[in-house]
Structures are given as C-alpha cells and as structure tokens.
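J.: Task: produce atomic coordinates for the following.
(one chain, ligands or ions: 1)
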Amino acid sequence: MTHISILGGTGMAGSALAREAASRGHTVTVASRHAGDHDDARLDGATRVSVDITTGQGVADAVAGADVVVYAVNATSAPHQAMCAGLTTTLDAVRRAQSPASPGGPLVVLPSIIGCEALPGGYYKAKVEQERILREWDGPSLTLRVAQFHQFVDKLLTASRRIGVSPRAPLPLQPVEAGAAARAILDAIESGPSSDILQIAGPESLTLAAAARMHASALGYRALPLRLPLPGMGAAKRGALTPKPGAATLTGTSFVSWLDARARKEV
Ligand SMILES: NC(=O)c1ccc[n+]([C@@H]2O[C@H](COP(=O)([O-])OP(=O)(O)OC[C@H]3O[C@@H](n4cnc5c(N)ncnc54)[C@H](OP(=O)(O)O)[C@@H]3O)[C@@H](O)[C@H]2O)c1
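T.: Here you go, the predicted model:
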C-alpha cells in the first residue's frame with residue numbers, strides 16, 4: 001500500500017484519481033483549499049488537508065509522509081504563473097520532507113495536456129512551464145499528458161447550451177472518461193518514475209462540432225449552431241490535441257457511449 005497525496009484532489013482529475021487510488025487500497029490524502037468541504041462517501045478514509053498553493057499554506061502538511069505526490073491543481077481564477085510557482089513550492093516541500101531513510105524521495109506526478117506545447121495562451125504555456133520545472137527536478141517524477149475529459153467537454157457544451165448555442169468548430173479531440181484516465185494514471189504510478197512523457201486519451205477522435213451535435217442529440221435539446229473561427233488555433237485544428245499515433249494509452253468508453261449513459265443518469 002502506498003500513501004498518495006493529491007494536491008487538487010477535489011477537482012475533476014484529482015477526485016477521479018483519489019477515488020481510483022482509494023479503491024486500489026492506497027492511503028489517500030486529498031489536499032486543496034476546500035478539501036474539508038468535499039463530500040464523497042468513496043473517500044471516507046482519506047485524510048483532508050487544507051492547502052493554498054498561492055501562499056504555500058498547508059503544502060508541507062499535504063506532502064508529509066507521502067510516497068507519491070500528484071500536482072493536480074488547476075486555477076482559472078489565479079494567474080497562470082501561480083500554478084507554476086505552486087509546483088515549485090510543492091517540490092521544495094517534498095525536498096524538505098524527504099526522509100534520510102529514503103533519499104530518492106516520493107514520486108512527483110504531473111497531469112498535463114496533450115498538445116499543450118502547440119497551443120496559444122497563458123494556460124497552455126503554464127502547462128509547458130510546469131513540465132519543464134518537473135523535468136529539471138532531480139527526484140523521481142512522472143508527467144502524463146492527458147486528453148480532455150468527457151466530463152470537461154460536457155461542462156463546456158452544457159455552458160454553451162445555457163446561452164442557447166452549440167459550438168461548431170473543426171477541432172479534433174480525443175476525449176477520455178475521467179475515471180478511465182485515472183486508472184491509466186494509477187497504472188503508470190504503480191509502474192514507477194519515467195523520463196518519457198506518457199499520453200492518455202479516449203478510444204476515438206472526433207471534432208468539437210461532432211461532439212456538440214452528439215451532446216444535443218443525446219440530451220435532447222436544440223441550440224443555435226455557432227461557427228467558431230478559433231484564431232491562433234491552427235495547430236489544434238490540425239490535430240495537436242489528439243495523441244501521436246502509437247504512443248498513447250487509449251482507454252475507456254467513447255464520448256457518445258458516455259453521453260448515452262449520462263442521458264440515462266448512469267454517470
Ligand atoms: N479537465 C480536463 O479535461 C483535463 C484534461 C487533461 C489534463 N488536465 C489537467 O489536470 C489538472 C487538474 O485539472 P482539473 O480539470 O481537474 O481542474 P479542476 O476541476 O478545476 O480542479 C482544480 C483543483 O485545484 C484546486 N485548487 C484551485 N486553486 C487552488 C489553490 N490556490 N490551492 C490549492 N488547490 C487549488 C481545486 O480545489 P479548491 O477549489 O478546493 O482549492 C481543485 O481541487 C490540470 O493540470 C489540468 O491541466 C485536465
């Protein structure tokens with residue numbers, strides 16, 4: 001049994017990882033600003049630690065005694081640089097907590113995004129910067145580039161639906177169900193550190209426009225099709241958000257099957 005501490009453990013990626021780790025019998029720490037308020041019966045045995053990576057509050061407690069530290073923090077409200085500084089703060093805390101008995105220290109794991117190096121905007125630049133920070137860290141590490149979650153695409157399309165539009169963009173995606181991604185990430189964690197960047201995606205590629213049509217059809221609504229020009233997203237339109245052939249773990253159900261289950265309220 002391994003002690004896995006997940007910073008950002010209440011988020012979309014972090015909570016799926018926490019549930020998967022708990023179901024495999026690992027000891028789990030869930031750390032975030034509101035970790036104590038996060039109610040999930042599947043995580044009853046988990047330790048909750050209040051952490052704010054923008055101030056460093058709680059980070060030392062969150063990583064104390066951990067064999068694996070996952071940095072799954074994501075903050076759209078804080079500057080992107082804060083997410084990078086937070087990773088450095090976390091690595092410093094890991095270093096200080098290191099026991100002389102295990103000089104290699106805990107495995108530090110970073111979920112990143114497939115294609116982040118080819119995408120414009122501060123958010124993706126911050127992901128590339130986080131990958132660099134971890135690459136230059138001299139302890140054991142693992143970086144996993146993951147495709148967009150079905151749950152994330154659903155959230156995006158649900159927000160569009162609320163304002164009556166259905167985004168139509170020829171943007172190839174290869175979304176993956178968050179629980180399936182968590183299983184693949186846990187498999188990688190259990191295999192140990194790697195200097196290669198692993199990729200995890202769903203079983204099939206589809207465009208955002210196709211996903212939007214499937215969403216409206218599965219959930220039974222009509223919305224105004226809205227063509228999105230996506231300036232600066234040329235690389236993404238050419239497939240940067242999808243995994244390199246042959247180099248990825250493709251896992252879980254397709255988006256349309258997941259949507260059908262969602263429509264039946266099974267997920
Ligand atoms: N969503 C996707 O489709 C997807 C796909 C591939 C990779 N990823 C990657 O997975 C990681 C997590 O993304 P996500 O989608 O799971 O994000 P998310 O759902 O927005 O969750 C963000 C997490 O960060 C915590 N957090 C935010 N600000 C914090 C702060 N100042 N201090 C400490 N914790 C803070 C949040 O909890 P509190 O609010 O309680 O602090 C929450 O647990 C990111 O690196 C992202 O790039 C996501």
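J.: For the chain, which residues are neighbours of the ligand?
T.: 8-14, 32-34, 51-54, 72-75, 78, 111, 113, 127, 146, 148-149, 152 (CB under 6 Å from any ligand atom). Heads up, the C-betas are built off the backbone N, CA and C, glycines and all.
J.: swap the cut-off to 5 Å and go again
T.: Contact residues (CB under 5 Å from any ligand atom) of the chain with the ligand: 8, 10-14, 32-34, 51-54, 72-75, 111, 113, 146, 148-149, 152.
J.: For the buried ones among those, write the corresponding ChimeraX selection.
T.: Listed next is the ChimeraX selection for buried residues among the residues of the chain next to the ligand, using 16 or more other CB atoms under 10 Å:
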select :8,10,11,12,13,14,32,33,51,52,53,54,72,73,74,75,111,113,146,148,149,152
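J.: Show only the entries of the residues of the chain next to the ligand found in strands.
T.: With strands taken from DSSP state E, the overlap with the residues of the chain next to the ligand comprises 32, 111, 113, 146.
J.: In helices, which of the residues of the chain next to the ligand fall?
T.: Assignment to helices by DSSP state H places the following of the residues of the chain next to the ligand there: 12-14, 152.
J.: which of those sit farthest apart?
T.: Among these, the pair separated by the greatest distance (CB to CB) is Gly14 and Phe152, at 13.3 Å.
J.: rewinding a little: could you export the ones in helices among the residues of the chain next to the ligand as a markdown table, including pLDDT?
T.: Shown next, in a markdown table, are those (pLDDT from 0 to 100):
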| residue | pLDDT |
| --- | --- |
| Met12 | 97 |
| Ala13 | 98 |
| Gly14 | 98 |
| Phe152 | 97 |
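J.: where exactly do the helices run in the stretch 101-250 of the chain?
T.: Under the criterion DSSP state H, counting those that start in this stretch, the stretch 101-250 of the chain contains helices at 122-136, 150-162, 178-191, 208-219, 234-237.
J.: Tell me who's in contact with the residue nearest to Ala64 when sequence neighbours are not counted.
T.: Closest residue to Ala64 apart from its sequence neighbours, by CB to CB, 6 or more residues apart in numbering: Ala97 at 5.4 Å. Residues near Ala97 by CB atoms under 8 Å, 6 or more residues apart in numbering: 60, 63-66.
J.: In the residues you listed, which residue is surrounded by the most others?
T.: Neighbour count (other CB atoms under 10 Å) singles out Val63 as the most crowded of the contacts of Ala97, with 28 neighbours.
J.: Pretty sure that residue sits against Leu91.
T.: No - assessed by CB atoms under 8 Å, Val63 is found out of contact with Leu91, at 9.3 Å.
J.: pLDDT value on the residue of the stretch 1-150 of the chain found nearest the ligand, please?
T.: Per CB to the nearest ligand atom, the residue of the stretch 1-150 of the chain with the smallest distance to the ligand is Gly11, at 2.0 Å. What the model reports for Gly11 is a pLDDT of 96.
J.: and if you look at Ala75?
T.: In this model, Ala75 is scored at 80, pLDDT.
J.: Same check on Arg42?
T.: Here the pLDDT value assigned to Arg42 is 88.
J.: What does it show for phi and psi?
T.: According to degrees, to the nearest 10, the main-chain angles of Arg42 amount to phi -70, psi -10.
J.: Check the one 5 residues further on too.
T.: When quoted as degrees, to the nearest 10, the phi and psi of Thr47 stand at phi -80, psi 140.
J.: Just give the number of residues close to it.
T.: 16.
J.: so who does Ala218 touch?
T.: Counting by CB under 8 Å, 6+ apart, Ala218 makes contact with 256, 259-260, 262-263.
J.: For it, which non-adjacent residue is closest in space?
T.: Nearest residue to Ala218 in three dimensions, chain neighbours excluded: Leu259, at 3.9 Å (CB to CB, 6+ apart).
J.: pLDDT value on the one you found, please?
T.: Leu259 is given a pLDDT of 97.
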